[in-house]
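**Student:** kindly generate the corresponding structure for this input.
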Amino acid sequence: MPGMRIRALVGAALALGLAALATGCVGAHKHRKAAPARTLAPVTKRSGCRLHGGLPDSSCTPGAVLPDVKLRALCTPGYSKRALHVSGMTRELVYAAYGIKVHPPGRYEIDHLVSLGLGGSNVQANLWPEQGAFPGYHDKNTVENYLHAQVCQHRLALATAQQELAHDWLALYRRIPTALRRRYRT
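**Tutor:** Next up, the predicted model:
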């Protein structure tokens, strides 16, 4: 008798689930189609890109952001790790665009121009092969961490941080006092 009730309940739940799937009612809130990334400037070339003293080629990597990301989500610990979705194929496309055929570990890192923690997107327009040596990814991470703290403490508007990071993160690095650089270095 109890086994029949369990089977009946499971069958009813399955029927309700299938009906909800058929009408599109299940998972709509979890798998809502995200708005496409918004580039901060037009992408005008996909090859022949060049690094410029620690900065990406703005014609290839102008930066791209997620227009519907909420500040509350960005400021929640772990957001960046959950948002990171860059395929191996996309990484190779970025290396190819910059003419890098060999990329031994530690020499380059495919990085987000506008960091995920500041609403950056995983699209190619926001990715570039950042060098490991100065100015390199540790230095840029310092800027990203500093800006993230400023945004989450409501001292800087998110859009301003995104634009400044995409325009010239190295100039921002030089403006951060040395004591703060040490504090935000990873």
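**Student:** okay, CA-based contacts and neighbour counts for the rest of this
**Tutor:** Noted.
**Student:** relative to residue 99, how far out is the residue nearest in space to the middle of the chain?
**Tutor:** By Cα atoms, centre = their mean, the mean C-alpha position of the chain lies nearest to residue 116, the distance being 3.1 Å. Distance of residue 116 to residue 99, given as Cα to Cα, to the nearest Å: 25 Å.
**Student:** beta partners of residue 130?
**Tutor:** Here residue 130 shows beta-bridge partners residue 109, assigned using DSSP bridges.
**Student:** that one and residue 109 touch, don't they?
**Tutor:** Yes - under the criterion of Cα atoms under 8 Å, residue 130 lies in contact with residue 109, with a separation of 5.2 Å.
**Student:** residue 158 contacts residue 151, doesn't it?
**Tutor:** Yes - counting by Cα under 8 Å, residue 158 sits close enough to residue 151 to count as a contact (5.8 Å).
**Student:** quick check: closest non-adjacent residue to the residue nearest to the centre of the chain.
**Tutor:** Closest residue in space to residue 116, ignoring its immediate chain neighbours: residue 80 at 5.3 Å, by Cα to Cα, 6 or more residues apart in numbering.
**Student:** tell me the pLDDT at residue 13?
**Tutor:** pLDDT, the model's per-residue confidence, is 39 for residue 13.
**Student:** helices and strands of the protein: which one bottoms out on pLDDT?
**Tutor:** When the helices and strands of the chain are compared on mean pLDDT, DSSP states H and E, helix 2-23 comes out lowest with a mean of 40.
**Student:** okay, now the domains of this protein?
**Tutor:** According to automatic domain parsing, the chain comprises the domains 1-32, 34-184.
**Student:** against residue 49, how distant is the residue nearest to residue 56 when sequence neighbours are not counted?
**Tutor:** Sequence neighbours aside, residue 128 is the residue nearest to residue 56 in space, at 6.3 Å (criterion: Cα to Cα, 6+ apart). Computed with Cα to Cα, the distance linking residue 128 and residue 49 is 10 Å.
**Student:** brilliant, that's me finished.
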